[in-house]
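> Return atomic coordinates for the entry below.
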Amino acid sequence: MEKHVGIVGIIIHNREKSAPKVNNILTEYGDLIVGRMGIPYHEKKMNVISLIVDGTTDQIGAMTGKLGQVEDVTVKCTTAKCGCGL
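Coordinates of the predicted model:
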């Protein structure tokens, strides 16, 4: 399958309850993650994580699907073809 590079945005609304589940999923799909940045947004009582990912649409979709099933978590993703011939 063709690889894609993508950006995944994750918003965690209840850190104590949801962050461990999110981190477990990210660890499970760690081979797809090129980069990760997490920012606590204390004023809004949420955390924001941005990921750069590289994988097939099936792989990225499986990860974002699992993340989207976690309570109090919002996930958005956009991808583009790698364009690198791989």
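> Neighbouring strands of the host helix or strand of residue 6 in the sheet, and parallel or not?
Using DSSP states H and E, residue 6 sits within strand 3-12. Using DSSP bridges, the strands paired with strand 3-12 are strand 46-56 (antiparallel), strand 73-81 (antiparallel).
> quick one: which of those is nearest residue 9?
Evaluated with Cβ to Cβ, the strands paired with strand 3-12 place strand 73-81 nearest to residue 9, the distance being 4.8 Å. Placement of C-beta: from N, CA and C, glycine included.
> thinking again about what came up before, need the next SSE after the strand holding residue 6, C-terminal direction.
helix 15-28.
> which strands and helices sit next to that following helix?
Applying 3 or more Cβ pairs under 8 Å, 6 or more residues apart in numbering; DSSP states H and E, we find helix 15-28 packed against strand 3-12, strand 33-41, strand 46-56, helix 57-68, strand 73-81.
> low pLDDT regions in the chain?
Low-confidence segments of the chain (pLDDT under 70): 83-86.
> got the buried residues for stretch 50-62?
Applying a neighbour-count criterion of 16 or more other Cβ atoms under 10 Å, one finds 51, 53, 54, 55, 59, 60, 62 buried in stretch 50-62.
> swap in stretch 24-42?
Result for stretch 24-42 [16+ other Cβ under 10 Å]: buried residues 25, 26, 29, 32, 33.
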